[in-house]
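Trainee: how would this look folded up:
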Amino acid sequence: MTTAELTKDEKTEVNTTKNENKDFVGEYPAEGLLAMGGFLFYGLGCVFVYDDVTLPTLRLSADGFGDDFDADTSEMIGAFNDVPENLEGECWFDLKAAEFEEGVIELKIMKTKNGPVVGRFTGDSEGLGESILRNKKGKLEIPSTKEHNNDIIFEGKDGIESIEFVYGNQYSITAGQPWGGVETTSGNNGSKLTIDVGAGRKNNKEPAQWYNDTVNSDTTKMFHSRGGNNVPKKLHFAFNGVLSINGDSFNVSMGQGEDFWYNNWHIASPEMVSTESRTTGTFANGKYRIWSTDSYHFKISKEF
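Mentor: Down below sits the predicted model:
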């Protein structure tokens, strides 16, 4: 195995990417570099999600320079031997193949270099079976809660003259996360609407259940943007209100979730019918069509 060095600009890019993963209460990032066989893998990061502190979930990912290398490992099984608050701060960690033929990797975390193991995790690997990280320096922390500006944008196309939203003052958000409320901004002479939700982001079952209950989990009354789910199992938050299109009003619920790359949006309404793919929908018996163009942009047009 060879060792490669990052340039200053590359290190800045890596650190910027990693810092984006530190906004969630209850997660540990453990960071390091992997160099193997001439390929340099940057951004190797471990994120622990511990709904159950003694049995957290671990996500491990790596991206490679000069190659389309990608390795994802999820649901690594293991445990820490102390409560998270006592494990914060500098750490050292080893990552190695535990069962090479089976593609199993093992991650050990120590509070001091070559010290006693405070956490041990194993899981299946896709592409990291030959990797070895020995005595790499990392950091364990519980990031503070942070309120984000979470935008969802509706843009009118053919025949749409106005889009409005009135917040219904009902919402559900993951416990411990901040809620700053809902604000709206109009543009393009009223045919474009931006809804800005001030809220923390941490996926949880309760906001998803609240959202699903607004339409009794009827998938024909729900649709979502890129990376979403027909019936979401976890969301950061959800809220309700009245969406008006050209003066016609509809009760809606909206919720934000995430996949590995995106914060995506889900929309439900008893007055909407979604397509089989659950990525587009119609209001008012087909009078208006709504669809997503990315993770947070939605277009609305009038059906002629």
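Trainee: Just say helix, strand or coil for Q209.
Mentor: Applying DSSP: H, G, I helix; E, B strand; the rest coil to Q209 yields a three-state assignment of helix.
Trainee: who touches W179 in this structure?
Mentor: 171, 173, 198-200, 237 (Cβ atoms under 8 Å, 6 or more residues apart in numbering). Every C-beta, even on glycine, is put in place using the N, C-alpha and C of the backbone.
Trainee: change it to 7 Å
Mentor: With Cβ atoms under 7 Å, 6 or more residues apart in numbering as the criterion, the residues that contact W179 are 171, 173, 199.
Trainee: can you check D294 too?
Mentor: By Cβ under 7 Å, 6+ apart, the neighbours of D294 are 225-226.
Trainee: Near I152, how many other residues are there?
Mentor: For I152, the number of neighbouring residues by other Cβ atoms under 10 Å comes to 21.
Trainee: Of the contacts of W179, which is the nearest to P116?
Mentor: Within the contacts of W179, the smallest distance to P116 is 38.4 Å, found for I173 (Cβ to Cβ).
Trainee: Any idea what the closest one is bridged to?
Mentor: On the basis of DSSP bridges, I173 is bridged to F237.
Trainee: Surely it touches G198?
Mentor: No. Distance between I173 and G198: 10.8 Å, which falls outside the contact criterion (Cβ atoms under 7 Å).
Trainee: between these two, who's got more neighbours?
Mentor: When I173 is set against G198 and neighbours are counted by other Cβ under 10 Å, the residue ahead is I173, at 24 against 14.
Trainee: end to end, how far does stretch 280-293 reach?
Mentor: Across its full length, stretch 280-293 reaches 10 Å end to end, with Cα to Cα, to the nearest Å as the criterion.
Trainee: er, stretch 221-233 I mean
Mentor: Taking Cα to Cα, stretch 221-233 runs 16 Å from one end to the other.
Trainee: quick one: strands adjacent to the helix or strand containing T282?
Mentor: Secondary structure from DSSP states H and E places T282 in strand 280-283. Strand 280-283 has the following strand partners under DSSP bridges: strand 272-274 (antiparallel), strand 288-292 (antiparallel).
Trainee: And the average pLDDT for that strand is what?
Mentor: What strand 280-283 shows for mean pLDDT is 94.
Trainee: Stretch 263-277 now?
Mentor: Over the span of stretch 263-277, the pLDDT mean works out to 93.
Trainee: Only the C-alpha atoms, please, for that stretch, written as CSV.
Mentor: Extracted C-alpha coordinates of stretch 263-277, given in CSV (Å, rounded to 0.1, in the frame of the first residue of the first chain):
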residue,chain,number,x,y,z
ASN,A,263,-32.7,16.8,1.4
ASN,A,264,-35.9,16.0,-0.5
TRP,A,265,-39.5,17.0,-0.1
HIS,A,266,-42.8,15.1,0.2
ILE,A,267,-46.2,16.6,-0.5
ALA,A,268,-49.6,15.1,0.5
SER,A,269,-53.1,16.3,0.0
PRO,A,270,-56.6,14.6,0.2
GLU,A,271,-57.4,16.7,-2.9
MET,A,272,-54.6,15.5,-5.0
VAL,A,273,-54.1,12.4,-7.2
SER,A,274,-50.6,11.2,-7.8
THR,A,275,-49.2,9.2,-10.7
GLU,A,276,-48.1,5.6,-10.3
SER,A,277,-44.5,6.7,-10.0
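Trainee: quick one, helices of the protein?
Mentor: Taking DSSP state H, the helices of the chain run over residues 8-19, 205-213.
Trainee: ok, residues contacting the shortest one?
Mentor: Outside helix 205-213, the residues that touch it by Cβ under 7 Å, 6+ apart are 172-174, 231-238, 253, 255, 266, 268.
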